[in-house]
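# Turn this into a structure:
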Amino acid sequence: MDKFLTVEESFGILQKEGITNSIAILRRWIRQGKLNAIPYNNRKDGYKINSVELENFINKKVPINRIRKWYEKYASVIISEEAKIELEKILGRIKNV
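Next up, the predicted model:
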């Protein structure tokens, strides 16, 4: 049986994973269809998110965020200017994944 999470519970998990610090961004991803969610019968109750869907979403997002954090921390110290420019291009292309 699938487990469903509230938006708030899902936000806590995404925050812990370092994916977002904004519940508004999570809601935007839901509205945009980037994260599948099922609306409750009552609109004011918001959405429920399947835990498997959330896990898949996290698995798509985490590597990108880890690359960005690594880049911000170490790029100026250990990579050449050419490599830095190439990495910026790659990060720019995957920014909206």
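# From here on, just use CA atoms for contacts and neighbour counts.
OK.
# Could I get the phi/psi values of residue 37?
Residue 37 adopts backbone torsions of phi -150, psi 150, taken as degrees, to the nearest 10.
# The nearest residue to it once chain neighbours are set aside sits in which helix or strand?
In space, not counting the residues next to it along the chain, residue 37 is nearest to residue 49; the distance is 4.7 Å by C-alpha to C-alpha, 6 or more residues apart in numbering. If you go by DSSP states H and E, residue 49 is part of strand 47-50.
# thought the residue nearest to residue 37 was touching residue 2?
No - look at residue 49 against residue 2 with C-alpha atoms under 8 Å: they stay out of range, at 10.0 Å.
# and these two? which has more neighbours close in?
residue 49 (20 against 7; other C-alpha atoms under 10 Å).
# Dig out what the more buried one forms beta bridges with.
residue 5 (DSSP bridges).
# Next up, the contacts around it.
By C-alpha atoms under 8 Å, 6 or more residues apart in numbering, residue 49 lies in contact with 4, 5, 6, 7, 10, 36, 37, 38.
# Who are the contact partners of the last one?
Think residue 38. By C-alpha under 8 Å, 6+ apart, the neighbours of residue 38 are 47, 48, 49.
# Report the contact partners of the first one.
Pointing back at residue 47 there. Neighbours of residue 47 in contact, by C-alpha under 8 Å, 6+ apart: 6, 7, 37, 38, 39, 40.
# CA atoms of the strand holding residue 49 as CSV?
Extracted in CSV, the C-alpha atoms of strand 47-50 (Å, rounded to 0.1, in the frame of the first residue of the first chain):
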residue,chain,number,x,y,z
TYR,A,47,-2.4,18.0,-2.0
LYS,A,48,-1.2,14.5,-1.0
ILE,A,49,2.1,13.3,-2.4
ASN,A,50,3.0,9.6,-2.9
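# C-terminal to it, what's the next element?
helix 51-78.
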